[in-house]
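Novice: I'll drop the sequence and a predicted model, then ask my questions.
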Amino acid sequence: MASAAASSSSSQRRYDVFLSFRGEDTRNNFTAHLLKELRTKGIDTFIDEERLETGQVISPALVAAIESSKLSIIVLSENYASSRWCLEELVKILECKRTRGQRVLPIFYDVDPSDVRNHRGKFGEALAKHDVNLRNMDRVPIWRVALTEVANLSGRDSRNKNEATFIEEIASFIFHEKINMAQSDTAEDLVGIDSRLCEIEPLLCLKAADVRIIGIWGMSGIGKTTLAGAIFERFRNQFEGCVFFENVGTELEREGIEGLQEKLLSKILGLKNLSLTGRPSIKAALGSKKVLIVLDNVKDQMIIEKIAKKRDWFGVGSRIIITTTNKNVLRTHEVKEIYEVKKFDGDEAMKLFSRYAFKQDHPRKDFVELSKSIIACTHGLPLAIKLLGDLLFEKSKHEWESKLDKLNKDLKLGINCLQMSYNELNDDEQCLFLDIACFFKGEDIDYVAKILDNHNRCPIDGIHALVDKSLITISGNKLQMHDLLQEMGREVVCQKSQEPGKRTRLWKHEDISLVLKNNKVTTKSKYFSFHT
C-alpha cells in the first residue's frame, strides 16, 4: 500500500522543476550544487535521490513526477546518452512539452550542443552501443530524434563559465520563470484577487525603505490565506529572502517556538541544522536582509513576539504579513496597516460559484435564479461557495431544488451549510474526513496512507475523492484542511455523545487522560484512535 500511496501522491503534487541528470557524471558536483541553489530560492524541485537507473523503463513514480512538473531541467553531460534510463526520461519530458505545454531547459554541461544535435563524440558512441543491443533497437531511432530536438531548444552552455556564477544564473532564471507562471495562474484562476491586490498594495508600499508589518484580517473562510499567497507569489522576486508559513499555529504545535525560528532562518538562508538561542539570532541573521515573511492564521500572540516583535530585526524594505481572525492580535503589536477582507457578493460570488458548479465563468441560463438562491445561503463566504458549487456539479435541476430546500431547512436549524458537503459523502469518505479533521491535518500523505491501511482500509481513493470535492488539499505532499472544515468535522464527532468515552475519536489531551484514567471506553466504532 505504501508504494501505491507514493505513486498516487506523486501524481497529486505539483513540482516547479523536474531535474534529469546522469548520476555518475554530476550527482555529487554540478547537480548537487544546482539543486541546493534552486531549493534555496524556494523552487520545489523533484530529484531522484536514489538514482539507481535500473530496469528497462523508468518507474511510474518518475513518470508521475515529470508529468506534474511545470518545468524540466536536463543536464546533458558527456555520459548522459549512455544511460537508457536518462534517454527514456528525455523522451517523456519532450512528450510533456508537446502535450502539456511543459517548459524545458537543457544545460550542456561540458559538452558541445552540436555533438548532442548531430550525435557525435560520446553521444554518437553511446547510441552506437545501444544500436547493437537487440532490446534497444526499436528505441534508438526515438532517442536520436529526442536528442536532436532537445539540442535545438534554447539552453545554457557551461563551457568557459565560472560554475558558481553559472549555477546562480540558472537558478535566477528558473525563479523568474516560476514567478511569471504564478502570476499568470493567479490572474487566470483566482476570482476577485486582482481587485483585492489593488486595494492592499498601498498598505504594502513596496517602494518605501522602512520595515512594515501588514495585517490581513477577516472571518474564517473569507480568503485571507488565498490573498496572502497571491501577494507572496507576485512580489517575492523583489526580496532577498522569503518564507510563507501556512497555518503557522499548526507549525508551532509541531515544531515548538525554537523549531519555528530555525525553520524561518533555514528557508530564508538555505541553511540546515541551525541551533538558536533566542530572538537575537533572528536579528543577527536577517538584520541586513530584505525579506518577505507571511505568518498565516496567527492565533497565538507569542508567534509574533518570537518571530517579528521588532522591525529592526529585519533589513530595510522588509515586509511581514500576518493573517488572522482576531484583530486584537494585530492591535497588541501595534500593526497599523490592516486590510479587512470583504465577503464575496454580486458578480464575484456568481463567477466563483459558476467555476465549480458549471466549470465556466457564468451559470447556465436556466440555473441563474437557483444559483442566486444557493449563493445567498453562503453569506458570501468563498469556502462555502466553492463547496456548494462542487456539490451541485452535473446535478439535475430537480436535485438543485431539493438541495436548496434542505439547505434552507438546515440553516433554520442552525446547521452550518458546510456540513451539507460532509453529509453527501459515503460512509468510508465520512470516516476518512473525520480522521483527517481529528488527527491527520498537516501530516504526510504516505504516512497517513500507511496508518489507515494498517486498519484494513484503503485511504488513497478516499483522499482523492475528498480533494475532488474541495474538502481537503495536498500541499508539499501533506494533507491540508481549512480550519472551518476541521472545526465542523470535530463538532460532528462531539455531537455523537457528551461523554468522551463514547466518542469514536479522541484528540484533546484532557479527554484522552480522563478516558484512560476512568477506563471508560465504551465506543463500538470499528476504528478508534488516540492522537497525542
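Specialist: The structure has been received and is ready for your questions.
Novice: Name the helix or strand of this protein that has the lowest mean pLDDT.
Specialist: helix 2-12 (a mean of 35; mean pLDDT, DSSP states H and E).
Novice: Mind listing the strands the helix or strand following that one pairs with, and their directions?
Specialist: Following helix 2-12 in sequence order, the next helix or strand is strand 15-20 (DSSP states H and E). Sheet pairing for strand 15-20, assigned by DSSP bridges, gives strand 45-46 (parallel), strand 69-76 (parallel).
Novice: Least confident of these, on average?
Specialist: Among the strands paired with strand 15-20, strand 45-46 has the lowest mean pLDDT, at a mean of 90.
Novice: Just the angle for the following helix or strand past it relative to strand 69-76, thanks.
Specialist: Sequence order places helix 60-67 as the next helix or strand after strand 45-46, per DSSP H and E. When axes from the mean of the first three to the mean of the last three C-alpha atoms, to 10 degrees is applied, the directions of helix 60-67 and strand 69-76 differ by 110 degrees.
Novice: Just the mean pLDDT for stretch 434-442, thanks.
Specialist: For stretch 434-442, mean pLDDT rounds to 88.
Novice: buried sites along that stretch?
Specialist: For stretch 434-442, the buried set under the neighbour-count rule, 16 or more other C-beta atoms under 10 Å, comprises Leu434, Asp435, Ile436, Ala437, Cys438, Phe439, Phe440, Lys441, Gly442. (Each C-beta comes from the backbone N, C-alpha and C, glycine too.)
Novice: And stretch 471-490, by the same measure?
Specialist: So, applying 16+ other C-beta under 10 Å, buried residues of stretch 471-490: 471-472, 474, 478-486, 488-490.
Novice: Report the contact partners of the residue nearest to Ser497 when sequence neighbours are not counted.
Specialist: Nearest in space to Ser497, with sequence neighbours left out and distances taken as C-beta to C-beta, 6 or more residues apart in numbering, is Arg503 at 5.5 Å. Neighbouring residues of Arg503 by C-beta atoms under 8 Å, 6 or more residues apart in numbering: Val493, Cys494, Lys496, Ser497, Asp511, Thr523.
Novice: right, and the first one touches Thr504 too?
Specialist: In this case it means Val493. Yes: Val493 is in contact with Thr504 according to C-beta atoms under 8 Å; the separation is 6.2 Å.
Novice: shared neighbours of those two, anything?
Specialist: Leu434.
Novice: Could you check which of the two is surrounded by more residues?
Specialist: Thr504 (19 against 16; other C-beta atoms under 10 Å).
Novice: The more buried one reaches Leu434, doesn't it?
Specialist: Yes: Thr504 lies in contact with Leu434 (C-beta under 8 Å); the separation is 7.5 Å.
Novice: ok so Ile338 is a strand residue?
Specialist: Yes: Ile338 forms part of a strand when assessed by DSSP: H, G, I helix; E, B strand; the rest coil.
Novice: Pull out the buried residues from the strand or helix carrying Lys517.
Specialist: Following DSSP H and E, the helix or strand that holds Lys517 is helix 509-518. Neighbour-count burial for helix 509-518 flags Asp511, Val515 (criterion: 16+ other C-beta under 10 Å).
Novice: Just tell me which of the strands paired with strand 15-20 ends up closest to Ser266.
Specialist: strand 45-46 (16.1 Å; C-beta to C-beta).
Novice: And the contacts of that closest one?
Specialist: By C-beta under 8 Å, 6+ apart, the list of residues contacting strand 45-46 reads Tyr15, Asp16, Val17, Phe18, Leu19, Leu35, Leu38, Arg39, Ala65, Ser69.
Novice: Just give me the closest of those to Asp427.
Specialist: Lowest distance from Asp427 to the contacts of strand 45-46 (C-beta to C-beta) belongs to Ala65, with 33.5 Å.
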